[in-house]
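J.: Just a sequence and a predicted model for now, questions to come.
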Amino acid sequence: MSDLTLTPAPALGGYRERFEGVQLEELPNLAIVSIATPRGGEAEFAAAIEKAFGVAAPKPGHSSLSKDGRTRLVGMAPDQTFAVFTHDGPDARQVIDGALDGAGYTTDQTDVWVSLRIDGPRAHTALERICPIDLHPDAFPEGRAARTVMEHLGTIVLRDGADSFLLLSAHSSAESFLHAVETSIRNVT
Amino acid sequence: MIINHPLLGPRDAAEFVYLGDASLIDRPDWEDPDAAEKYYEYLYLRDNPAGLHRELWFHEQGDRSWLVVTRNTLTHEITNVELARDVAKAQGRSR
């Protein structure tokens, strides 16, 4: 065995840029774990989520922040929830497995996605040009989430503040996605 | 075209993939003595209505759900959208 050490590298090398009225940054330590509800185990799943995170499991299109404020649970589809949390290490799935004690089927999706946060007073203006979802605060208030397409790339958009959005897109097309978001920001600043 | 998803609200048709007639849900029983004839009908024979049509759409760029959409083929007006799993369960299927 060789004694090579593998060092994780973020998809965009820790990108961070300031524009007029908008900030865009990569979140390199964001862990994403997909949790599927076992068929017939819906009640046990709901109880385990409540016990582990102190909040109810979110419905599709909604999210809830755990009581300790560290994990955001996002309802992706019927019987599918994503747990999104800051975590530095290759064992994000084990963290959720430990919390749920077998009440959900977990898959580590951390390295599948690139995570960007866009925030600032012009974030909404920049996003509305590439996002087909109505992001007006009345239609898409804080905590709402949606899986959609931006510039032909599958994207999850989540509003985590009045002027702040989390964007997740495929790691393999991270630079194309960044280019799309950057271009849209440049068009409004 | 906008499809009003029963769980997620109005979504652009670009997020969806079209499959075809909603009768594809009713797959024949392969052990039926008339299975060959029934599969021939199931696979190859379609109505082609000028008017209301029940059809399957897959929310590929969304929550990956299958929907049964009732659409008027003359006007593209969508009058009803249901989750395909609810339609199948209402017909007595387990899922």
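T.: All right, it came through fine. Numbering: from 1, shown residues only, chains lettered A, B, ... in the order given.

J.: Can you name the residue of chain B nearest chain A?
T.: For chain B, the residue closest to chain A is residue B:63, as judged by C-beta to the nearest C-beta, at 3.5 Å. Just so you know, the C-beta spots here come from the backbone N, C-alpha and C atoms, and that holds for glycine as well.

J.: A strand includes that residue, no?
T.: No - going by DSSP: H, G, I helix; E, B strand; the rest coil, the assignment for residue B:63 is coil, not a strand.

J.: which is the next helix or strand following the longest strand seen in chain A?
T.: In chain A, with assignment by DSSP state E, the single longest strand is strand A:153-161. Once the chain leaves strand A:153-161, the next helix or strand it forms, by DSSP states H and E, is strand A:164-170.

J.: could you measure residue A:41 against residue A:105, distance?
T.: 9 Å (C-beta to C-beta, to the nearest Å).

J.: residue closest to the middle of chain B?
T.: Nearest residue to the geometric centre of chain B (C-alpha atoms, centre = their mean): residue B:56, 2.4 Å.

J.: which SS state does that one fall under?
T.: At residue B:56 the chain is in strand, as set by three-state DSSP.

J.: Ok, residue A:63 next?
T.: Here residue A:63 is recorded as strand under three-state DSSP.

J.: Could you report the separation of it from chain B?
T.: 13 Å (C-beta to the nearest C-beta, to the nearest Å).

J.: Need the nearest residue in space to that residue, chain neighbours excluded.
T.: Nearest residue to residue A:63 in three dimensions, chain neighbours excluded: residue A:74, at 4.3 Å (C-beta to C-beta, 6 or more residues apart in numbering or on different chains).

J.: quick one: that neighbour and residue A:159 touch, right?
T.: No - under the criterion of C-beta atoms under 8 Å, residue A:74 makes no contact with residue A:159, lying 11.2 Å away.

J.: Okay, and the residue nearest to residue A:63 sits in which element?
T.: Using DSSP H and E, the element containing residue A:74 is strand A:71-77.

J.: Based on its surroundings, how many neighbours for whichever residue of chain A sits closest to chain B?
T.: Relative to chain B, the nearest point of chain A is residue A:77 (3.5 Å; C-beta to the nearest C-beta). Residues near residue A:77, counting by other C-beta atoms under 10 Å in any protein chain shown, number 18.

J.: how much space is there between it and residue B:25?
T.: 19 Å.

J.: for residue B:19, same thing?
T.: Noted for residue B:19: a distance of 10 Å to residue B:25, by C-beta to C-beta.

J.: Same question for residue B:32.
T.: Distance from residue B:32 to residue B:25, by C-beta to C-beta: 17 Å.

J.: Same question for residue B:89.
T.: According to C-beta to C-beta, residue B:89 and residue B:25 sit 11 Å apart.
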